[in-house]
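1. can't give you the sequence, but here's the structure:
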């Protein structure tokens, strides 16, 4: 298994007398390629000649390759709160789905110390039941004892921040209200590995504050959080580390303030139409990243 630069630095830390942290998730050389139909350009997926002729005769568009992730290697450690940023189509959600076990990568593997919990995926709720009853049902479905459910129910109701709507049937909820309910249920059992994809963008300030507090509690209990967001203020305030993906490539991995500053400068170039400057910035970051990896491999 290949070792990423964080894992290398942890091993070096151990040799210099500092206790290395234990990884909770290891993403090992993950590449994801989708086959999609396209009327434009792209690398066509090779198929047998009869199939190609049949598709052409029927007027069907060719199938091309879309590489969503390219050779991603990361280690997420116990107690870390890692933010994932990048413009739309960068592969963030694809990577989260792979870590959560929803899909298999084309190349590579993911290792974890426990089953990752992805918000809204591991919890099946019943639209006809009230929010309160769905909280109970979701907790019981995750193996929680009924007495424990009774004990923590008030706290979960407070985290969801739904007010009187907690007594309404879930089918009457907006998508944002439903997401807040799922967040409360998903975090009820103190998941060791929690994956949040734009989870806090669906609520008001009250919900965001309570949600952030709940995630801080999870991290303090030696769990880890993988958090996707387009809000740089949330990323800077909540994360201990930030990973920047762009068009399937890993550009930066490090301190939240440093990474978000580079990302905002990159997006500013794109918004101003300075595509050449944005491309040059990306190429420089990729070059710096490769040099850092080579230097740390040599210890």
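-> Yep, it's here. Just so you know, these numbers come straight off a predicted model, no measurement behind them.
2. which is the next helix or strand following the helix or strand where residue 218 lies?
-> With elements delineated by DSSP states H and E, residue 218 resides in helix 205-220, which encompasses its position. Under the assignment DSSP H and E, the closest C-terminal helix or strand after helix 205-220 is strand 224-228.
3. Quick check: next helix or strand after that next one?
-> Of the helices and strands lying after strand 224-228 in sequence (DSSP H and E), the nearest is helix 232-238.
4. That next one packs against which elements?
-> On a contact count with 3 or more Cβ pairs under 8 Å, 6 or more residues apart in numbering; DSSP states H and E, helix 232-238 meets strand 81-85, helix 205-220, strand 224-228, helix 256-271. Heads up, the C-betas are built off the backbone N, CA and C, glycines and all.
5. between the second one and strand 81-85, how big is the angle?
-> Regarding helix 205-220 and strand 81-85, their directions subtend 120 degrees when assessed with axes from the mean of the first three to the mean of the last three Cα atoms, to 10 degrees.
6. Let's have the helices and strands packed on helix 232-238 in CSV, adding mean neighbour count and mean pLDDT.
-> What follows is the helices and strands packed on helix 232-238, written out as CSV (neighbours: other Cβ atoms under 10 Å; pLDDT from 0 to 100):
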stretch, mean neighbour count, mean pLDDT
strand 81-85, 25, 96
helix 205-220, 16, 75
strand 224-228, 25, 92
helix 256-271, 16, 96
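7. picking up where we left off before, check which helices and strands the helix holding residue 218 sits against.
-> Secondary structure elements in contact with helix 205-220, counted by 3+ Cβ pairs under 8 Å, 6+ apart, are strand 81-85, helix 146-160, helix 175-186, strand 193-197, strand 224-228, helix 232-238.
8. helix/strand/coil for residue 32?
-> When the structure is split into helix, strand and coil by DSSP: H, G, I helix; E, B strand; the rest coil, residue 32 lands in strand.
9. ok, it - how many residues close by?
-> Using other Cβ atoms under 10 Å, the number of residues around residue 32 comes to 22.
10. got it, and residue 149?
-> Neighbouring residues of residue 149 were enumerated by other Cβ under 10 Å; the total is 18.
11. Check this protein and tell me which residue is nearest its centre.
-> The residue at the geometric middle of the chain, judged as the C-alpha nearest the mean C-alpha position with Cα atoms, centre = their mean, is residue 96 (4.0 Å).
12. Am I right that it sits in a helix?
-> Yes. Judged by three-state DSSP, residue 96 forms part of a helix.
13. Report the secondary structure state of residue 103.
-> Remark: residue 103 carries the secondary structure label coil [criterion: three-state DSSP].
14. and the residue nearest to it when sequence neighbours are not counted, how many neighbours does it have?
-> Of all residues beyond its chain neighbours, the one nearest residue 103 is residue 97 (5.2 Å), with distances taken as Cβ to Cβ, 6 or more residues apart in numbering. Counted with other Cβ under 10 Å, the neighbours of residue 97 add up to 17.
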